[in-house]
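Chemist: need a 3D model of the sequence below.
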Amino acid sequence: MAKEKNTQGRTRQEVIQQTLNMADLEAVSLGEIVSDGQMFDLEGNELVAYVRSAMLALLEGGARIVGQSTDRGGEWTVQQEFDLPNDEAVAKALQLWETEGRAAAFLVWFYRGPVN
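Modeler: Down below sits the predicted model:
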């Protein structure tokens, strides 16, 4: 059964806000978002709903989906395949998570800092 608060006593909304704040300082991976949801004992459709809402909050809060550039010394660059309207970008990331599983955890990153 899903918990209302995680082990640190935070609600889902508080964790999503914390993730949004963290995205100002460093990129946040899809894997971190999934892990945050699992801290509430979410699974299945409930976990997907949490991940969807967290990704939407990040994108609506100004984050971009990024990847590390191999030709620019590892700087974050916008992943063009996700440069879509927010709901479409989230759907694409969820589809990648569904098809790639754990590998997708480090293919999708969110960042509100400067990108190339």
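Chemist: report pLDDT for Gln79.
Modeler: pLDDT, Gln79: 93.
Chemist: and it, how many neighbours does it have?
Modeler: 18 (other CB atoms under 10 Å). Quick note: C-beta positions are derived from backbone N, CA and C, even for glycine.
Chemist: just list the residues touching it, thanks.
Modeler: Applying CB atoms under 8 Å, 6 or more residues apart in numbering, one finds that Gln79 lies in contact with Ile65, Val66, Gly67, Val108.
Chemist: apart from its neighbours in sequence, what residue is nearest Val34?
Modeler: The spatially closest residue to Val34, leaving aside those adjacent along the chain, is Val51, at 5.9 Å (CB to CB, 6 or more residues apart in numbering).
Chemist: likewise for Leu84?
Modeler: Counting by CB to CB, 6+ apart, the nearest residue to Leu84 once its immediate chain neighbours are dropped is Lys92, at 6.7 Å.
Chemist: contact partners for that neighbour?
Modeler: So, once contact is read as CB under 8 Å, 6+ apart, Lys92 ends up touching Glu81, Phe82, Leu84.
Chemist: find the centremost residue of the chain, please.
Modeler: Computing the C-alpha centroid of the chain and ranking residues by CA atoms, centre = their mean puts Leu30 first, at 4.0 Å.
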